[in-house]
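**Q** Whatever this is, show me its structure:
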Amino acid sequence: MIELRVDDRLIHGQVALLWSKHLKIKGIIVANDAAATSKVQQASLKMAAPQGINVLIKSLDEASDILNDPRAGSMNILLLCKSVTDAYEMLKNVTSIDRINIANVGRFDGEELSTKHKLFSTLYLDNSDLESFKAIQKMSVKMVHQISPDSNERDLKGVNV
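**A** Alright, predicted model coming up:
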């Protein structure tokens with residue numbers, strides 16, 4: 001099982017404490033070009049990860065290569081992307097992703113919220129993310145918005161944007 005979560009904070013307490021247990025994950029793959037080249041960000045993300053869970057921080061291309069290995073589909077992996085646009089790239093290149101959870105996007109990137117399309121209180125999409133969101137809606141992957149495992153899951157396929 002490979003679950004893709006879009007969260008602009010990447011690894012943080014909610015991922016480490018709640019989602020890792022709920023999904024019974026064995027590994028986390030952060031697919032982010034900037035993080036893959038920053039030793040400081042890599043160290044911070046690994047410190048935030050739960051003990052006993054393997055963490056890989058890779059570029060989008062490297063993460064795609066790893067996830068396309070046939071063995072990856074049988075592992076419980078949480079794939080984290082920082083933007084909907086990055087998630088769309090992963091979905092185009094990795095066919096074994098079971099579900100995408102677009103959870104937290106656009107509030108902490110330094111851009112003015114008033115210039116973005118607000119879908120929910122934790123989803124603010126710039127124009128690039130909005131186009132990627134629409135493209136994902138047309139794909140066959142299950143597409144939801146769920147903040148935490150105990151919150152309601154909202155189907156995003158029918159959301160009119």
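**Q** now Ile136: how far from Trp19?
**A** Relative to Trp19, Ile136 is positioned 20 Å away (C-beta to C-beta, to the nearest Å). Any C-beta I mention is one placed from the backbone N, CA and C, and that applies to glycine too.
**Q** try Leu79
**A** Distance from Leu79 to Trp19, by C-beta to C-beta: 12 Å.
**Q** Have a look at those two and say which one is more surrounded.
**A** Counted by other C-beta atoms under 10 Å, Leu79 and Trp19 do not tie: Leu79 has more neighbours, with 26 against 23.
**Q** Enumerate every residue touching Ala43.
**A** By C-beta atoms under 8 Å, 6 or more residues apart in numbering, the contact list for Ala43 is empty.
**Q** what do you get for Ala48?
**A** For Ala48, the contacting residues are 11-13, 15-16, by C-beta under 8 Å, 6+ apart.
**Q** Of those - the most surrounded one?
**A** Scoring these on neighbours with other C-beta under 10 Å, the highest-scoring entry is Ile11 at 25 neighbours.
**Q** right, and the helix or strand after the helix or strand of the chain with the lowest mean pLDDT?
**A** Least confident element among the helices and strands of the chain, by mean pLDDT, DSSP states H and E: helix 13 (a mean of 79). Next in sequence after helix 13, counting helices and strands by DSSP states H and E, comes helix 20-23.
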